[in-house]
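> sequence? don't have it. structure:
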């Protein structure tokens, strides 16, 4: 997500510095739930590793990035 956001920011000449933390945070949560056997030392399924607080933080980050993209599309 972060690398894509960088390209979008450059293409539209927008400052995306405030989104960097959100995008990198979402990047960390992309692979493990999709590929649960990727991390051999973790035997729990992804749905047991995440708690409500994790989901809320991910949703907040995703909403912030989505609002930025929606703003770009309106212009």
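Arrived safely, thanks for sending. This is a predicted model, so every value here is computed, not measured.
> what helix or strand does residue 3 sit in?
Secondary structure from DSSP states H and E places residue 3 in helix 2-11.
> which element follows that helix toward the C-terminus?
helix 20-28.
> give me the buried positions along that next one.
22, 23, 25, 26 (16 or more other C-beta atoms under 10 Å). Yep, even glycine has a C-beta here, placed from its N, CA and C like the rest.
> quick one: which of the residues you listed is nearest to residue 71?
residue 22 (14.5 Å; C-beta to C-beta).
> burial of the closest residue to residue 30 other than its chain neighbours, as a residue count?
The spatial neighbour of residue 30 that comes closest, neighbours along the chain excluded (C-beta to C-beta, 6 or more residues apart in numbering), is residue 1 at 7.2 Å. The tally of other residues near residue 1 (other C-beta atoms under 10 Å) stands at 18.
> just curious, which of the buried residues of helix 20-28 is nearest to residue 57?
residue 25 (7.2 Å).
> surely the residue nearest to residue 30 and residue 28 touch.
No. Look at residue 1 against residue 28 with C-beta atoms under 8 Å: they stay out of range, at 9.9 Å.
> give me the common contacts of those two.
Residues touching both residue 1 and residue 28 by C-beta atoms under 8 Å, 6 or more residues apart in numbering: none at all.
> quick one, phi/psi of the closest residue to residue 12 other than its chain neighbours?
Distances taken as C-beta to C-beta, 6+ apart put residue 72 closest to residue 12, at 5.6 Å, once the chain neighbours are dropped. With angles defined as degrees, to the nearest 10, residue 72 sits at phi -60, psi -40.
> next one: residue 72 from residue 66, what distance?
11 Å (C-beta to C-beta, to the nearest Å).
> could you list the low-pLDDT ranges of the chain?
36-39 (pLDDT under 70).
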